[in-house]
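# Predicted model and sequence follow; I will ask about them next.
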Amino acid sequence: MFAKRTDLALEARELWQESAQRTSRLSGVKATKSKLEGYGLTRVDILDERGEEALGKPVGSYLTIDLTTFWQRKSDFFPRAVRAVGSQLKLLVPAEGPVLVVGLGNAAMTPDAVGPLTADSVLVTRHLIAAMPRQFAGFRPVSVLRTGVLGTTGVESAEAVRGLVEQVQPAFVIAVDALASRRRERVCATVQLSDTGIIPGSGVGNHRAALNHETLGVPVVAVGIPTVVDAATLAADLLEEAGVEHIDADRLRRGQGTMMVTTRDIDQQVRDLAKVVGYGINWALQDLDIEDINALLS
């Protein structure tokens, strides 16, 4: 059987339901759908080991915001998206304490630049609070790290983050990275937030050391935007849609290799959504509205 690749918990649940045409309730997993600021929201809670085994993801909460209509540019589309991301992030992070925001990925490769571009829109306040505590008393201490990638730094992202965590001692870490989706419709149209940490590079099959509570010693909230689809997974879905009943998994994987597919206007889409996530982080951490964030970042 061909194993389709995805980093999204809601897609892992879809794949489980599709296998052998399962319609029964998935034990150890709870899923709910709602609307938030006009955007669709799906929450998948993996409750125990049965859910872990079924979906291949650790116990925790996974919140997925569907931003498909973001690209229709309707009234207040950007502020609504920021509030949607920020309000859900607020549910996952501690109410107090300093924060380290980590932008994972390669700034020189657009589909992998979600983390570094998001970091550009995050308000960095730790040094200001230390220098002028009275003037910045209302702000939460926030530090930012752009890790780069092993091939250009010679340092594992987990090593760099672990070393900085020891020095800065944040209450928690927010890690932002690019993901892989199973469906091309969800590329640059989805934001997933989870309280389980993240494995850098997993979206393209280049698994590195994990960033989570176990490895860093503090809670890690992961924020991800799918920017690519595994070519073999996309081909398998298209064959199934065309009515092909038997798919030669070995031949399909050999034919597609490790190719990843992305959208034609990936540059603009990644920039826009990274800004949404960056502003959403600010909205969740600081007592500021979007106009204030604009003024402080300008």
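Now that the structure is in, tell me what you want to look at.
# if you go through the stretch 101-250 of the chain in chain order, where are the strands?
For the stretch 101-250 of the chain, the strands defined by DSSP state E, counting those that start in this stretch cover 142-148, 172-181, 190-194, 220-230.
# any chance of those in JSON lines, with mean pLDDT too?
Below are these laid out as JSON lines (pLDDT from 0 to 100):
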{"stretch": "strand 142-148", "mean pLDDT": "94"}
{"stretch": "strand 172-181", "mean pLDDT": "96"}
{"stretch": "strand 190-194", "mean pLDDT": "97"}
{"stretch": "strand 220-230", "mean pLDDT": "95"}
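# JSON lines please, covering the ones you listed and showing distance to residue 283 and mean neighbour count.
Just so you know, the C-beta spots here come from the backbone N, C-alpha and C atoms, and that holds for glycine as well. Below are the strands of the stretch 101-250 of the chain laid out as JSON lines (distance: least, C-beta to C-beta, whole Å; neighbours: other C-beta atoms under 10 Å):
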{"stretch": "strand 142-148", "distance to residue 283": "13", "mean neighbour count": "21"}
{"stretch": "strand 172-181", "distance to residue 283": "13", "mean neighbour count": "26"}
{"stretch": "strand 190-194", "distance to residue 283": "13", "mean neighbour count": "25"}
{"stretch": "strand 220-230", "distance to residue 283": "13", "mean neighbour count": "27"}
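# Could you name the stretch from those that's closest to residue 285?
Nearest to residue 285 among these is strand 142-148; the distance by C-beta to C-beta comes to 6.2 Å.
# I figured residue 261 hits residue 231, correct?
Yes: between residue 261 and residue 231 there is a contact at 5.2 Å, judged by C-beta atoms under 8 Å.
# out of the strands of the stretch 101-250 of the chain, nearest to residue 48?
Taking C-beta to C-beta, strand 190-194 is the member of the strands of the stretch 101-250 of the chain nearest to residue 48, at 16.4 Å.
# Can you name the residues in contact with the closest one?
7-9, 60-67, 85, 88-89, 92, 179, 181, 221-226, 273, 276-277 (C-beta atoms under 8 Å, 6 or more residues apart in numbering).
# Is it possible to get CSV of the strands of the stretch 101-250 of the chain that adds distance to residue 240?
Below are those laid out as CSV (distance: least, C-beta to C-beta, whole Å):
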stretch, distance to residue 240
strand 142-148, 37
strand 172-181, 16
strand 190-194, 21
strand 220-230, 14
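# Which of those strands sits closest to residue 72?
strand 190-194 (15.4 Å).
# per-residue confidence for the residue lying closest to residue 189 once chain neighbours are set aside?
The shortest distance from residue 189 to any non-neighbouring residue, by C-beta to C-beta, 6 or more residues apart in numbering, is to residue 68 (4.5 Å). Residue 68 carries a pLDDT value of 95.
# Residue 68 - how many residues pack around it?
Residues lying near residue 68 (other C-beta atoms under 10 Å) number 13.
# right, and residue 55 touches residue 30 too?
No: judged on C-beta under 8 Å, residue 55 makes no contact with residue 30 at a distance of 11.8 Å.
# so what sits against both of these two?
Joint contacts of residue 55 and residue 30 (C-beta under 8 Å, 6+ apart) are residue 44.
# pretty sure residue 63 is in a strand, no?
Yes: judged by DSSP: H, G, I helix; E, B strand; the rest coil, residue 63 forms part of a strand.
# and it, how far is that from residue 188?
Residue 63 is 18 Å from residue 188, where distance means C-beta to C-beta, to the nearest Å.
# what do you get for residue 291?
Distance from residue 291 to residue 188, by C-beta to C-beta: 26 Å.
# which of the two has more neighbours?
With neighbours defined as other C-beta under 10 Å, residue 291 and residue 188 compare such that residue 188 has more, 26 against 9.
# who are the neighbours in contact with that one?
Here residue 188 is in contact with 225, 226, 227, 263, 266, 269, 270, 273 (C-beta under 8 Å, 6+ apart).
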